[in-house]
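Student: Fold the stuff below for me.
(one chain, ligands or ions: 2)
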Amino acid sequence: MHSKIVLLPGDGIGPEVVGQAVRVLEAIATQFKHVFDFSSHLIGGIAIDQTGDALPESTTAACKGADAILLGAVGGPKWDDPNAKTRPEAGLLKIRKELGLFANLRPIVTFDELLDSSPLKRHIIEGTDILFFRELTGGLYFGASGLEELPDGQQRAFSTAVYTTSEVERIVRMAAAAAVKRRGKLTMVDKANVLEASRLWRRVSARIMKEEFPTVEYDVVLVDSMAMHLLSRPTSFDVVVTSNMFGDILTDEASMLPGSLGMLPSASLGSSGPGLYEPIHGSAPDIAGKGIANPLATILASAMLLRHSLGLEKEALAIESAVKKVLAAGHRTADLVPRGAASLGTIAITDLVLQALAA
Ligand code: IPM
Ligand code: MG
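Tutor: Ligands and ions are numbered 1, 2, ... in the order given. Next comes the predicted model:
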């Protein structure tokens, strides 16, 4: 198979972890006789520095012509001025919108080998296997927003949560279809006791589930209550679907179940066209350039890329099992051990993944 993969390394630890994922993808290409063409493009803070734009036109064009996209991270303190004209994050939001990537899949799976790295108790988290579907191109992130000066010298700012019927339908359908292939359970999370937009979610998803997925066990949970249930009974969830903002917050919370943000990949998909794959950890500017970032989330994101965009299931499983082998052998990066304990760097742990792949 011959595929075009666009790399968007971005900021902070992004380039380091993407570089290691590319080594793993190249090994897969050799081993399974594929050809992957990589081309690297600008996004985020580095794009602002070099072009003045967090998402240059050339990057969007390259992404549209690709089979899949692997992103590192965007953002950092250098570009954090709240009065700045543009922000690195704007590049990420724009690429999601431009490519119609409305579904953000975030698997939250505990690795048996890492149960003791979690701040939560082993008996609660053991066996957790949740697949989040976060809506990614609507809601508070993209609704009307504004800032105005009031006559009394104050400022007034607003952001609105806007959803249409079809925006809810397509993400609920995708999540429910995933539930059918898993344990047959879907949980929809909203704030329907307060928000009009959530009441639309509730009506639309109840109808879709009744008409199209009658065999899926379906329930709804309010987002505040979900924040609690995620920590008290994570193993009772299978697939979870929710809006953009709630999904943003709940998946960061959920990332603590497996112990480290450094282990979690994500996929952003549309109804057609290339998918975008990234670790969920962000740019971690505090450790950028030190060679200690955990590349496993990005390596696992490249497994998702092979599975969802290139249809290469065997190859995806090969990567996932190589990562498991490395962890099972006791190897850890700094984020997975107590502060000060011995650990492996970004390149060294990738070397071990490559060895496990070749074995
Ligand atoms: C994420 C991130 C982004 C988001 C930021 C960087 C804009 O937190 O992918 O979860 O809020 O969507
Ligand atoms: Mg987030």
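
Student: give me every residue that touches the residue lying closest to G52 once chain neighbours are set aside.
Tutor: Nearest non-adjacent residue to G52, counting by C-beta to C-beta, 6 or more residues apart in numbering: T86, 7.8 Å away. Glycine gets a C-beta too; all of them are placed from N, C-alpha and C. If a contact means C-beta atoms under 8 Å, 6 or more residues apart in numbering, then T86 has 48, 52-54 as its contacts.

Student: what packs against whichever helix in the chain runs longest?
Tutor: When the chain is parsed with DSSP state H, its longest helix is helix 14-32. Where contact means 3 or more C-beta pairs under 8 Å, 6 or more residues apart in numbering; DSSP states H and E, helix 14-32 is packed against strand 2-10, strand 35-40, strand 68-73, helix 296-308, helix 313-328, helix 346-358.

Student: could you give the angle of it to helix 346-358?
Tutor: 20 degrees (axes from the mean of the first three to the mean of the last three C-alpha atoms, to 10 degrees).

Student: picking that back up, save the helices and strands packed on helix 14-32 as a markdown table, and put in mean pLDDT and distance to ligand 1 too.
Tutor: A markdown table is the format used below for the helices and strands packed on helix 14-32 (pLDDT from 0 to 100; distance: least, C-beta to the nearest ligand atom, whole Å):
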| stretch | mean pLDDT | distance to ligand 1 |
| --- | --- | --- |
| strand 2-10 | 97 | 10 |
| strand 35-40 | 98 | 20 |
| strand 68-73 | 98 | 8 |
| helix 296-308 | 97 | 12 |
| helix 313-328 | 97 | 21 |
| helix 346-358 | 98 | 21 |
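
Student: got the contact list for stretch 136-150?
Tutor: 93, 96-97, 100-104, 155-164, 167, 197, 243-245, 247, 268.

Student: Can you tell me the SS state at the residue of the stretch 1-150 of the chain found nearest ligand 1?
Tutor: Closest approach between the stretch 1-150 of the chain and ligand 1, counting by C-beta to the nearest ligand atom: E89, at 3.8 Å. Under the three-state scheme (DSSP: H, G, I helix; E, B strand; the rest coil), E89 adopts helix.

Student: again with V189
Tutor: Quick answer, by three-state DSSP: V189 is strand.

Student: How about R134?
Tutor: Reduced to three states with three-state DSSP, the structure at R134 is strand.

Student: Just give the nearest non-adjacent residue to it, would you?
Tutor: G247 (2.6 Å).

Student: distance of the one you found from ligand 1?
Tutor: Using C-beta to the nearest ligand atom, to the nearest Å, one obtains 8 Å as the distance from G247 to ligand 1.

Student: That residue: helix or strand, and which one exactly?
Tutor: G247 belongs to helix 244-254 when assigned by DSSP states H and E.

Student: From the contact counts, what lies against the very next helix or strand once past that helix?
Tutor: Proceeding N to C from helix 244-254, the next assigned helix or strand is strand 265-269, under DSSP H and E. With contacts taken as 3+ C-beta pairs under 8 Å, 6+ apart, strand 265-269 sits against strand 103-109, strand 275-279, helix 296-308.

Student: about what we covered before: pLDDT on the helix holding G247, on average?
Tutor: Computed over helix 244-254, the mean pLDDT rounds to 95.

Student: outside of that helix, which residues touch it?
Tutor: 104, 106, 108, 130, 132-142, 161, 189-191, 223, 226-227, 230-231, 234, 240, 242, 261, 266, 280.

Student: Now, of the residues you listed, which are buried?
Tutor: Applying 16 or more other C-beta atoms under 10 Å to the contacts of helix 244-254, the neighbour count classes 104, 106, 108, 130, 132-142, 161, 189-191, 223, 226-227, 230-231, 234, 240, 242, 261, 266, 280 as buried.

Student: my guess is the residue nearest to G52 is in a helix, correct?
Tutor: No. In this structure, T86 is coil, not part of a helix, as judged by three-state DSSP.

Student: Let me see the confidence value for it.
Tutor: On the pLDDT scale, T86 gets 93.

Student: Phi, psi for it please.
Tutor: phi -140, psi 160 (degrees, to the nearest 10).

Student: Can I get the helices and strands packed on helix 14-32 in CSV including mean neighbour count?
Tutor: Shown next, in CSV, are the helices and strands packed on helix 14-32 (neighbours: other C-beta atoms under 10 Å):
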stretch, mean neighbour count
strand 2-10, 22
strand 35-40, 14
strand 68-73, 28
helix 296-308, 26
helix 313-328, 18
helix 346-358, 18
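
Student: Tabulate the ones you listed in JSON lines, adding columns for distance to L25.
Tutor: Below are the helices and strands packed on helix 14-32 laid out as JSON lines (distance: least, C-beta to C-beta, whole Å):
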{"stretch": "strand 2-10", "distance to L25": "7"}
{"stretch": "strand 35-40", "distance to L25": "6"}
{"stretch": "strand 68-73", "distance to L25": "8"}
{"stretch": "helix 296-308", "distance to L25": "5"}
{"stretch": "helix 313-328", "distance to L25": "9"}
{"stretch": "helix 346-358", "distance to L25": "11"}
